[in-house]
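A.B. asks: Okay, predicted coordinates and the sequence, questions at the end:
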Amino acid sequence: MRRVSLFVILVILTLAMSMILPTVAQDAFATNTPRPLSFATNTPPGPSATPTASPTATVSPTATATATYTPTATATATDTPSPTPTPIGPFFYPEGINPLTGLPYPNEEAAARRNLIVKISNFPPVVRPQSSVNLADVVFEIEAEGGVTRFAAIFRNNNPTHVGSVRSARLFDLELIEMFQALLAYSGTSEPIQRLILRSPYVYQTFSPLKGDNCEEAGFCRFPREGLAFEHTLFLDTNQLWARATLRGINTGYRAKGFAFNETPDANGQPANDVFIDWYGQTDARWQYDEASGHYLRFTDGVPHYDANDGEQIWTDNIVIIQVPHERRPDLFPPGATYESLEIQLWDQGPAAVVRDGQWYSGFWRRNCDGEVTPTPTVEPAAPPEIQRTCYSDPGTAIQLIYGSNTPIMMKPGRTWVEIVRGFGDVVIQDERRDMVGTATTIALSATPTIVPTDGPSPTPDPNAEN
């Protein structure tokens with residue numbers, strides 16, 4: 001009887017263990033399975049791992065980006081107001097950051113003064129090398145007439161004492177003044193354009209010998225040189241002009257918005273070691289990427305283009321190429337006039353290419369207008385009307401560079417050249433560099449060509465009407 005009882009007890013214990021063991025084994029297997037959070041913690045933090053998906057700085061092991069390639073300022077971790085990546089544009093900029101460069105202002109004086117646009121000649125070739133172009137934060141290269149280009153150099157970080165040669169204003173400069181809330185320095189202009197300037201809301205922001213601004217008080221001084229025509233001898237001391245603006249009560253350090261910056265290039269860029277732009281065979285510009293410096297170096301008409309101030313080849317960190325409508329405005333000028341000023345319609349939007357770090361990105365430029373676009377009026381000699389602005393946007397609203405998804409194209413913190421063209425058929429961007437040493441040698445061994453602007457999309461101006 002006792003054996004039977006023991007047997008029954010053993011049977012019951014065996015059955016109980018068989019029911020418990022599968023559950024224990026199952027629980028042991030479950031504890032060896034990776035939890036979902038284990039995978040998530042290996043993913044970089046942030047809304048996206050792709051830098052093109054957001055205008056904010058790309059998440060990286062360091063808190064901020066460090067720029068060491070420009071002569072004006074160097075960004076370090078201490079310059080950033082927070083230990084986390086901070087967006088640099090297109091609408092908001094950290095305190096102390098120059099929206100023209102995405103880098104810190106070099107000093108308090110630069111932060112306090114106003115953006116200054118200086119019109120600089122690029123034709124005829126005798127005006128090269130120009131002075132202090134390498135000290136500008138942004139340079140717009142625009143067609144003046146018939147395939148001849150002119151520079152509109154914007155200064156803020158640096159205050160050179162010898163900029164030029166200074167040349168005349170164009171209709172397009174009224175757009176730049178508004179876009180960058182800037183001062184404008186120019187040598188003179190045609191009578192119709194001068195009337196528009198004098199009747200514009202920005203008349204006190206413009207400076208010119210044509211308006212009585214001289215060498216002693218405003219920094220417009222002549223430096224004659226043998227073989228150089230008189231109109232190419234005017235140079236500007238930016239310090240004196242800013243001082244004159246202070247006396248007028250208009251030297252306020254406004255900031256213009258539009259550019260977005262990130263040390264890390266966007267993904268999916270295409271190779272861009274050589275960029276060539278041709279203006280109807282009259283003027284051309286070639287930029288080649290230099291890996292050692294991280295700069296693009298400029299060649300004009302087949303030879304290296306230097307800056308007379310520092311002796312260095314003209315360079316930039318970003319090349320922005322934008323396609324903009326160019327319209328003739330004969331209604332602004334007397335009947336039968338052989339000179340004009342093109343209306344370069346930098347409002348609305350159009351195709352754009354952004355070149356940086358040996359790569360280029362295709363997208364669009366955009367300049368928002370808050371009101372209806374209205375053409376510039378005809379100027380009647382007897383009673384010229386008040387100027388009607390073509391783009392009713394807030395002052396300081398410059399161009400944005402975006403992809404089709406409205407995501408900002410990230411520019412490299414540093415200096416920028418904006419090349420304005422009529423069409424991208426005149427632009428070649430490629431990986432392979434052209435042999436510019438061989439090209440320059442060929443040009444040097446040949447007879448020096450005489451380049452004369454011919455009638456192109458707009459006639460050559462009357463030299464007696466504009467300077």
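C.D. replies: Thanks, I have it. Numbers count the residues shown, from 1 in each chain.

A.B. asks: Which phi and psi values does residue 136 adopt?
C.D. replies: Main-chain torsions, residue 136, degrees, to the nearest 10: phi -80, psi 150.

A.B. asks: Residue 99 too?
C.D. replies: Torsion angles, degrees, to the nearest 10, at residue 99: phi -70, psi -10.

A.B. asks: can you count the residues close to it?
C.D. replies: By other Cβ atoms under 10 Å, the residues close to residue 99 number 26. For the C-beta atoms, the positions are set from N, CA and C on the backbone; glycine is no exception.

A.B. asks: Thought residue 260 was touching it, still the case?
C.D. replies: No. The pair residue 99 / residue 260 is not scored as a contact, 9.7 Å apart, by Cβ atoms under 8 Å.

A.B. asks: tell me, what's touching the two both at once?
C.D. replies: By the contact definition Cβ atoms under 8 Å, 6 or more residues apart in numbering, residue 99 and residue 260 are jointly contacted by residue 89.

A.B. asks: what's the next secondary structure element after the helix-or-strand element of the chain with minimal mean pLDDT?
C.D. replies: One helix or strand of the chain scores below all others by mean pLDDT, DSSP states H and E: helix 36-40, with a mean of 27. Following helix 36-40 in sequence order, the next helix or strand is strand 97-98 (DSSP states H and E).

A.B. asks: May I have the strands that pair with that following strand, each with its orientation?
C.D. replies: strand 103-104 (antiparallel) (DSSP bridges).

A.B. asks: Alpha carbons of the helix or strand just after the partner strand, as CSV, please.
C.D. replies: Moving toward the C-terminus from strand 103-104, the first helix or strand encountered (DSSP H and E) is helix 108-112. The C-alpha atoms that make up helix 108-112 are tabulated as CSV, following Å, rounded to 0.1, in the frame of the first residue of the first chain:
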residue,chain,number,x,y,z
GLU,A,108,31.8,94.6,-33.1
GLU,A,109,32.4,97.2,-35.7
ALA,A,110,31.6,94.8,-38.5
ALA,A,111,28.4,93.8,-36.8
ALA,A,112,27.3,97.4,-36.2
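
A.B. asks: Flag every buried residue along helix 108-112.
C.D. replies: Neighbour-count burial for helix 108-112 flags 110, 111 (criterion: 16 or more other Cβ atoms under 10 Å).

A.B. asks: Show residues contacting it.
C.D. replies: Here helix 108-112 has contacts from 96, 98, 105, 156, 157, 158, 159, 251, 253, using Cβ under 8 Å, 6+ apart.

A.B. asks: I'd like the average pLDDT over that helix.
C.D. replies: Averaging pLDDT along helix 108-112 yields 97.

A.B. asks: next SSE after it?
C.D. replies: Scanning forward in sequence from helix 108-112 by DSSP H and E, the next helix or strand is strand 116-121.

A.B. asks: Send over that following strand as PDB, restricted to the C-alpha atoms.
C.D. replies: What follows is strand 116-121, C-alpha atoms only, in PDB (Å, rounded to 0.1, in the frame of the first residue of the first chain):
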ATOM      1  CA  LEU A 116      27.800  98.300 -48.400                       C
ATOM      2  CA  ILE A 117      27.500  97.600 -52.200                       C
ATOM      3  CA  VAL A 118      30.300  98.900 -54.300                       C
ATOM      4  CA  LYS A 119      30.000  98.800 -58.100                       C
ATOM      5  CA  ILE A 120      33.300  97.600 -59.600                       C
ATOM      6  CA  SER A 121      34.400  97.500 -63.300                       C
END
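
A.B. asks: Could you grab the helix/strand/coil label for residue 425?
C.D. replies: Secondary structure for residue 425, judged by DSSP: H, G, I helix; E, B strand; the rest coil, is helix.

A.B. asks: Note down every partner strand of the host helix or strand of residue 149 and its orientation.
C.D. replies: Per DSSP H and E: residue 149 is located in strand 148-155. If you go by DSSP bridges, strand 148-155 pairs up with strand 116-121 (antiparallel), strand 138-145 (antiparallel).

A.B. asks: Is it possible to get JSON lines of the contacts of helix 108-112 that adds pLDDT, neighbour count and distance to residue 406?
C.D. replies: Shown next, in JSON lines, are the contacts of helix 108-112 (pLDDT from 0 to 100; neighbours: other Cβ atoms under 10 Å; distance: Cβ to Cβ, whole Å):
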{"residue": "96", "pLDDT": "95", "neighbour count": "13", "distance to residue 406": "28"}
{"residue": "98", "pLDDT": "97", "neighbour count": "24", "distance to residue 406": "25"}
{"residue": "105", "pLDDT": "97", "neighbour count": "20", "distance to residue 406": "29"}
{"residue": "156", "pLDDT": "98", "neighbour count": "27", "distance to residue 406": "28"}
{"residue": "157", "pLDDT": "97", "neighbour count": "23", "distance to residue 406": "29"}
{"residue": "158", "pLDDT": "98", "neighbour count": "17", "distance to residue 406": "33"}
{"residue": "159", "pLDDT": "97", "neighbour count": "21", "distance to residue 406": "37"}
{"residue": "251", "pLDDT": "97", "neighbour count": "18", "distance to residue 406": "35"}
{"residue": "253", "pLDDT": "95", "neighbour count": "16", "distance to residue 406": "29"}
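
A.B. asks: Distance to residue 346 added to those residues, as a markdown table?
C.D. replies: Below are these laid out as a markdown table (distance: Cβ to Cβ, whole Å):
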| residue | distance to residue 346 |
| --- | --- |
| 96 | 29 |
| 98 | 22 |
| 105 | 26 |
| 156 | 20 |
| 157 | 24 |
| 158 | 25 |
| 159 | 27 |
| 251 | 25 |
| 253 | 24 |
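
A.B. asks: Relative to residue 89, which of those is nearest.
C.D. replies: Nearest to residue 89 among the contacts of helix 108-112: residue 98, at 10.7 Å, using Cβ to Cβ.

A.B. asks: picking up where we left off before, how far away from the center of its chain is the strand holding residue 149?
C.D. replies: Relative to the chain's own centre, strand 148-155 is displaced by 13 Å; criterion: Cα atoms, centre = their mean, to the nearest Å.

A.B. asks: Over to stretch 88-101?
C.D. replies: 13 Å.

A.B. asks: So which bits of it are buried?
C.D. replies: 88, 89, 90, 93, 94, 97, 98, 99, 100, 101.
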